[in-house]
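S.K.: predicted model and sequence below, questions to follow.
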Number of protein chains: 2
Amino acid sequence: MTSAGHEVIVEDLYQRQFNPALTRAERQSYYSQDYDDSTIKKYTHQLVEAEAVVLVFPTWWFGFPAILKGWFDRVWGPGIAYDHAQDFGPIKPRLNNQKNVMAITTLGAPGWVDYAIMRRPLRRILKIAILRTCAPGCKFAMHSLYKSENLKTATVHKFTHKIVNAIGKW
Amino acid sequence: MTSAGHEVIVEDLYQRQFNPALTRAERQSYYSQDYDDSTIKKYTHQLVEAEAVVLVFPTWWFGFPAILKGWFDRVWGPGIAYDHAQDFGPIKPRLNNQKNVMAITTLGAPGWVDYAIMRRPLRRILKIAILRTCAPGCKFAMHSLYKSENLKTATVHKFTHKIVNAIGKW
């Protein structure tokens, strides 16, 4: 797909039967000079090349679904998304290509629980733990559709419209 | 294994080649009267029967490894860990057997980042989002070993000792 001169790649991790569990080979090479991404090269190349990433997923237990968590565990590895520091201090960014990351998600919970009780854990993890360390130059936006188990059509349309507008500004 | 009259079951999700991704059948039955746990009955039975659960895992990106997230996504399902509310309001607990849950984990990050910057997202998710809703009567304790990529043996021993003591008090 192309959109305004950009190539758009749609990846459905379920359709691809992506294996979420970090493998033994990946773990064993995690602190070596050469992280073994041999079985996921397609994904690591995509990540390194991408100027923008749009994540679309349901939030389950205030976290990523396991299959998407596995994409972060395995694909956002050392030598790809970041480099280890020599002294095991803060990791060093590698994704200097990334300009925009957007997360689009649904939650069964109402917004006040996510904000006031949970302190938006998934937003905090994406924005601070993952992006600030791996792609500090990128802009991040999160669009969360709350109480999503029972929505009026108009609410969904409004949400969709907001996202289309936001992406249109890229 | 038995310990002081209790049966202890050790489950290594990796060794069991546990599939972390919620299946199509599970998703399709998620809001029906009968959640389809047919491929994970061993795990759902264990969860319902357990008086105590000890989770041992590395924290990756301030979250569960994908394989453990999948255990929550799939095994802690409706009709097992909780019941849906009729009106899609707060879910209702079912795990009334559970007396103690302990999480034992390692993080590469230092403690101050987990506390002050991240607001302990994994502890919040386990304690509030998962246990308070599914097993409100259980006690929860979290033991986190920080800066775990580079530790002195004495630090590990101290951490182990603390856990052995804590479990001894059950």
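M.R.: Yes, it's here. The structure displayed is predicted, hence computed values, not measured ones.
S.K.: contact partners of the lengthiest helix in chain A?
M.R.: If you go by DSSP state H, chain A has its longest helix at helix A:153-168. Residues from elsewhere that reach helix A:153-168, judged by Cβ atoms under 8 Å, 6 or more residues apart in numbering or on different chains: A:Val54, A:Met102, A:Ile104, A:Ala141, A:His143, A:Leu145. The C-beta positions use only the backbone N, C-alpha and C, and glycine is treated the same way.
S.K.: show me which of those are buried.
M.R.: A:Val54, A:Met102, A:Ile104, A:Ala141, A:His143, A:Leu145 (16 or more other Cβ atoms under 10 Å in any protein chain shown).
S.K.: quick one: the helices in chain A?
M.R.: With DSSP H as the criterion, chain A has helices spanning A:24-28, A:41-49, A:66-75, A:111-112, A:121-124, A:132-134, A:153-168.
S.K.: comparing those helices, which comes out most buried?
M.R.: helix A:66-75 (a mean of 24; mean count of other Cβ atoms under 10 Å in any protein chain shown).
S.K.: do that one and chain B meet at all?
M.R.: Yes - using Cβ under 8 Å from any Cβ of the partner chain, helix A:66-75 comes into contact with chain B via A:Ala66, A:Ile67, A:Lys69, A:Gly70, A:Phe72, A:Asp73, A:Arg74.
S.K.: beta partners for the residue lying closest to A:Val56 once chain neighbours are set aside?
M.R.: Nearest non-adjacent residue to A:Val56, counting by Cβ to Cβ, 6 or more residues apart in numbering or on different chains: A:Ile104, 4.8 Å away. Counting by DSSP bridges, A:Ile104 is bridged to A:Val56, A:His143.
S.K.: ok, back up a step: which of the helices of chain A sits closest to A:Tyr35?
M.R.: helix A:24-28 (7.0 Å; Cβ to Cβ).
S.K.: what sits against the residue nearest the centre of chain A?
M.R.: Taking Cα atoms, centre = their mean, the centroid of chain A lies closest to A:Leu55, which sits 5.4 Å from it. Counting by Cβ under 8 Å, 6+ apart, A:Leu55 makes contact with A:Leu68, A:Val101, A:Met102, A:Ala103, A:Ile104, A:Thr105.
S.K.: got it, and A:Gln33?
M.R.: A:Gly79.
S.K.: picking that back up, closest one of the buried ones among the contacts of helix A:153-168 to chain B?
M.R.: A:Leu145 (13.6 Å; Cβ to the nearest Cβ).
S.K.: which pLDDT value belongs to the closest one?
M.R.: We have a pLDDT of 98 for A:Leu145.
S.K.: isn't it up against A:Ala103?
M.R.: No - at 11.4 Å, A:Leu145 does not count as touching A:Ala103 under the criterion of Cβ atoms under 8 Å.
S.K.: that older thread, turn the buried ones among the contacts of helix A:153-168 into CSV, including distance to B:Phe18.
M.R.: Listed next are the buried ones among the contacts of helix A:153-168 as CSV, based on distance: Cβ to Cβ, whole Å:
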residue, distance to B:Phe18
A:Val54, 29
A:Met102, 31
A:Ile104, 28
A:Ala141, 34
A:His143, 32
A:Leu145, 30
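S.K.: which phi and psi values does the closest residue to A:Phe72 other than its chain neighbours adopt?
M.R.: In space, and not counting its chain neighbours, A:Phe72 is closest to B:Trp61: 5.4 Å by Cβ to Cβ, 6+ apart. Torsion angles at B:Trp61 (phi, psi; degrees, to the nearest 10) stand at phi 50, psi 40.
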